[in-house]
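Asks: give the three-dimensional model of this entry:
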Amino acid sequence: MSYRQGGRLARTRGFMAALTIVVLGAALAAPSAGAAPAKFWGVAPQSLPSEEVFQRLKRGGVDALRFPVEWGATEGVEGKPNWGYVDAFVARSTANGIEPLPFLNGAPSWAIKSVSVNRASHSVAPVELPVRTAAERSSWQGFLREVVGRYGPGGAFWSEHPGLPYVPIRTWQIWNEPNFKYFVARPNPVDYGKLVSLSYTAIKGLDPGAQLILAGLFSRPKEARWKRKPPLAYYASTFLEKMYKANPGIKTKFNGIALHPYTTSYQELAPEIEEVRSILKKNNDAGKGLWITELGWSSEPPDGRTDLFAKGVQGQVRELNGAFTLFERRQVRWKLKRVFWFSVDDRAGLCNFCGGSGLFSEDFVPKPSWKAYVKFAGGTP
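Replies: As a prediction, this is how the structure comes out:
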């Protein structure tokens, strides 16, 4: 800004006026300690939402949607990927102005052996992460290059869908809950660090500006307390600590960490998050942002024996309000980047609380928790 040469007093007054405008502008532009920044609230559906659902989510203020890109589902036959369901997630998200956050996960049977991890639910998981052999490492990196080459900058998906806004995906989450047996039968923090390094090389090789987010870690799975060898699970803080220690230089390979702080009450969130942030500080990595890529409680009737996350209809609202208020108040302190509620609608059978975890019922009737979510997101129910 230029000033008239009218003497020191005039210049001083002009400078102070300009400074006041700048300070006031900055104060208005910056989020307050009690308000979330732009593009903060997200959801994590259990299945592909319809176009109607996407439109309603957008009206409600949803900024982002997290979804899986399963290696086994997309490349069941080696060398013959099928992108059908991934295309649908990306197309519907983009068309409705909702940012997609893909998490890259799983392995086809031709690459990694899968084993049963829960007989009751017939759940299976890769026995280990794809890092042990040269063939596994090469196949995993090849999968990542296919994904980024399709949905990243200049990707084939965008040329195939010219009617969509061109918004290439630049942020990728590497795996899902690798500290828990349900997503890798033998959790191994050393191997996970190797997987992150492999993923960094593959993704950055195609898109140097891409960002990598660590997998959402289940904060404190009860299986971590069991004396099993090899372990069935780790606390998130223990897993991160071992990953850092065994993989020197790993902090240069990712841009943020993620957490799934499933607790019986929102009042238990703070110590779990502080515990993880202390590990970052200990490893001179405290500047990293934190993504809550799954969080939720069920609206099913309370059941203290088999489902501690079931809170009833109004209890689900209470937990959401308490958690979201806490996140807004401590967003700066915890360096929170995004919060994703799990899930959009109820879908029984996928987990013990999935039948009531949605903001909508299974037939897409909004619950009171949806109205509570919208108040924070600033949308319209």
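Asks: chain center to the helix or strand encompassing K245, what's the gap?
Replies: Using DSSP states H and E, K245 maps to helix 236-246. On the basis of CA atoms, centre = their mean, to the nearest Å, helix 236-246 is displaced by 19 Å from the centre of the chain it belongs to.
Asks: domain ranges for the protein?
Replies: Domain assignment for the chain, taken from automatic domain parsing, gives 1-30, 39-377.
Asks: now those in JSON lines, with mean pLDDT and mean neighbour count?
Replies: Where you see a C-beta, it was placed from the backbone N, CA and C, and this is true even at glycine. Formatted as JSON lines, the domains of the chain follow (pLDDT from 0 to 100; neighbours: other CB atoms under 10 Å):
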{"stretch": "domain 1-30", "mean pLDDT": "34", "mean neighbour count": "10"}
{"stretch": "domain 39-377", "mean pLDDT": "96", "mean neighbour count": "19"}
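Asks: so G315 makes contact with P302?
Replies: Yes - taking CB atoms under 8 Å as the contact criterion, G315 and P302 are neighbours in contact, 6.8 Å apart.
Asks: that older thread, tilt between the helix or strand following the helix holding K245 and helix 236-246?
Replies: Towards the C-terminus, the helix or strand next in line after helix 236-246, according to DSSP H and E, is strand 256-260. Relative orientation of strand 256-260 and helix 236-246, computed by axes from the mean of the first three to the mean of the last three CA atoms, to 10 degrees: 150 degrees.
Asks: strand 256-260: partners in the sheet, and parallel or antiparallel?
Replies: Strands adjacent to strand 256-260 in the sheet, as given by DSSP bridges, are strand 211-218 (parallel), strand 289-292 (parallel).
Asks: ok, and what's touching it?
Replies: 173, 177, 211, 213-219, 236, 240, 272-273, 276, 280, 288-295, 337 (CB atoms under 8 Å, 6 or more residues apart in numbering).
Asks: now R137, what's its secondary structure?
Replies: For R137, the assignment made with DSSP: H, G, I helix; E, B strand; the rest coil gives helix.
Asks: got the contact list for it?
Replies: Remark: with contacts taken as CB under 8 Å, 6+ apart, R137 is in contact with 130-131, 198.
Asks: and the helices in the stretch 251-381 of the chain?
Replies: Listed in chain order, the helices of the stretch 251-381 of the chain (DSSP state H, counting those that start in this stretch) span residues 269-282, 313-329, 368-377.
Asks: can you give me the offset of the last one from its chain's centre?
Replies: Going by CA atoms, centre = their mean, the spacing between the C-alpha centre of helix 368-377 and its chain's C-alpha centre is 20 Å.
Asks: can you check the longest one too?
Replies: Distance of helix 313-329 from its chain centroid, counting by CA atoms, centre = their mean, is 19 Å.
Asks: do the first one as well
Replies: Taking CA atoms, centre = their mean, one finds helix 269-282 lying 17 Å from the centre of the chain it belongs to.
Asks: now it and strand 256-260, what's the angle there?
Replies: Orientation check (the same axes, to 10 degrees): helix 269-282 against strand 256-260 gives 150 degrees.
Asks: let me see the residues that make contact with helix 269-282.
Replies: Outside of helix 269-282, the residues that reach it under the criterion CB under 8 Å, 6+ apart are 217, 219-220, 235-237, 240-241, 244, 257, 259, 261, 263, 286, 288, 290, 323, 326, 330, 334-335.
Asks: ok, and the closest non-adjacent residue to the residue most central in space within the chain?
Replies: The residue at the geometric middle of the chain, judged as the C-alpha nearest the mean C-alpha position with CA atoms, centre = their mean, is T293 (2.9 Å). In this structure, T293 finds its nearest non-sequential neighbour in G216, 3.9 Å apart by CB to CB, 6 or more residues apart in numbering.
Asks: and for R132?
Replies: In space, and not counting its chain neighbours, R132 is closest to D191: 7.4 Å by CB to CB, 6+ apart.
Asks: got the phi and psi for the one you found?
Replies: When quoted as degrees, to the nearest 10, the phi and psi of D191 stand at phi -60, psi -40.
Asks: and it, what is it in contact with?
Replies: If a contact means CB under 8 Å, 6+ apart, then D191 has 128-129, 131-132 as its contacts.
Asks: what helix or strand is the closest residue to R92 other than its chain neighbours on?
Replies: Closest residue in space to R92, ignoring its immediate chain neighbours: F54 at 4.8 Å, by CB to CB, 6+ apart. Taking DSSP H and E as the definition, F54 sits inside helix 51-59.
Asks: can I get that helix in CSV, CA atoms only?
Replies: Once side chains and other backbone atoms are set aside, the C-alpha atoms of helix 51-59 remain, and they are given as CSV (Å, rounded to 0.1, in the frame of the first residue of the first chain):
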residue,chain,number,x,y,z
GLU,A,51,-27.7,-40.3,-5.9
GLU,A,52,-30.6,-39.2,-3.8
VAL,A,53,-28.6,-39.9,-0.6
PHE,A,54,-25.6,-38.0,-1.9
GLN,A,55,-27.8,-35.0,-2.7
ARG,A,56,-29.2,-35.0,0.8
LEU,A,57,-25.8,-35.4,2.4
LYS,A,58,-24.6,-32.4,0.5
ARG,A,59,-27.6,-30.3,1.6
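Asks: which residues in the stretch 1-150 of the chain form helices?
Replies: Assignment of helices within the stretch 1-150 of the chain using DSSP H, counting those that start in this stretch yields the ranges 8-29, 51-59, 71-74, 84-95, 134-151.
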